[in-house]
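Colleague: Quick one, what's the 3D model for this:
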Amino acid sequence: MIRIFPRALATMLASAVFAFSVAAQEKSGGITIDGKKSPIPAEWKEEAPTNRMRYAQFVLPKVAGDTRDAEIVIFKGLGGSAQANIDRWKDQFKGPDGGKIGNNAKVTEIKVAGKPALYLDMKGSYLFKSAPFDPNAKAELLENYRMLATHVDAESIYHIRLTGPDKTVQKYREGFEKWLANFK
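Modeller: All right, here's what the predicted structure looks like:
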């Protein structure tokens, strides 16, 4: 009996490692939206999602002069209309005068995986909360930040956001937009 247990444990462990490896390869090979996939750019560093609401997340290394990395966060299956989510994201930023983001936000209609999407581009001061849905969490004001975000109305709703210091986000913007356009 003692001999069987270590073998069984080793087999289960090997199976778990294999399953995790396959799942990691599938995710790192790209994100799938309604059966269409877009390969992940090599410079994006995938991380384990920091909470259950996140479908996937990536770190984009900071450029010289910035103090923080940028991040891409993908949410799948969250609710709310496209406009309600755009408005919520706008409320996470302050404009140059300290007021609402207003004209410093541009919203355009795009397609992601052939599905309609709203694309938001804004910059200003970001009201970062490490626990965004905790009413007691204090917001940290991060100056000179930018967010590129899209609400995709697919079979599931996807929210895809690139947030970070403006210079760092600007470095990755073209690759991010190509990635959004490349779902096939």
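Colleague: centroid residue for this protein?
Modeller: The centroid of the chain falls nearest to Val73 when counting by Cα atoms, centre = their mean (1.4 Å).
Colleague: quick one, what contacts that one?
Modeller: Listed by Cβ atoms under 8 Å, 6 or more residues apart in numbering, the contact partners of Val73 are 54, 56-57, 159-161, 163. Where C-beta positions appear, they are placed from N, C-alpha and C, glycine not excepted.
Colleague: and if you look at Gly79?
Modeller: Going by Cβ under 8 Å, 6+ apart, Gly79 touches Ile157.
Colleague: so which helix or strand takes in it?
Modeller: Under DSSP states H and E, no helix or strand contains Gly79.
Colleague: got it, and Gly65?
Modeller: Assigned by DSSP H and E, Gly65 belongs to no helix or strand.
Colleague: give me the low-pLDDT residue ranges for the chain?
Modeller: The chain contains residues with pLDDT under 70 at 1-29.
Colleague: ok, 80 please
Modeller: Low-confidence segments of the chain, defined by pLDDT under 80: 1-30, 103, 130-133.
Colleague: What are the boundaries of the helices in it?
Modeller: Along the chain, counting by DSSP state H, helices occupy 4-28, 82-90, 166-181.
Colleague: quick revisit: pairing-wise in the sheet, spell out the partners of the residue nearest to the centre of the chain.
Modeller: Going by DSSP bridges, Val73 is paired in beta bridges with Gln57, Arg161.
Colleague: ok, it to Pro116 distance?
Modeller: As judged by Cβ to Cβ, to the nearest Å, Val73 and Pro116 stand 21 Å apart.
Colleague: Show residues contacting stretch 107-119.
Modeller: With Cβ under 8 Å, 6+ apart, stretch 107-119 has contacts from 33-34, 36, 38, 82-83, 86, 120-121, 148-154, 158, 160, 180-181, 183.
Colleague: how about 7 Å then?
Modeller: Stretch 107-119 has contacts (Cβ atoms under 7 Å, 6 or more residues apart in numbering) with 33-34, 36, 82, 86, 120, 150-154, 180, 183.
Colleague: Narrow these to those in strands?
Modeller: Those of these mapping onto strands are 33, 36, 120, 150-153, per DSSP state E.
Colleague: of the residues you listed, buried ones?
Modeller: Burial by neighbour count, judged by 16 or more other Cβ atoms under 10 Å, picks out 33, 36, 120, 150-152 from the ones in strands among the contacts of stretch 107-119.
Colleague: and the residues you listed, which two are the farthest apart?
Modeller: Lys36 and Leu120 (21.7 Å; Cβ to Cβ).
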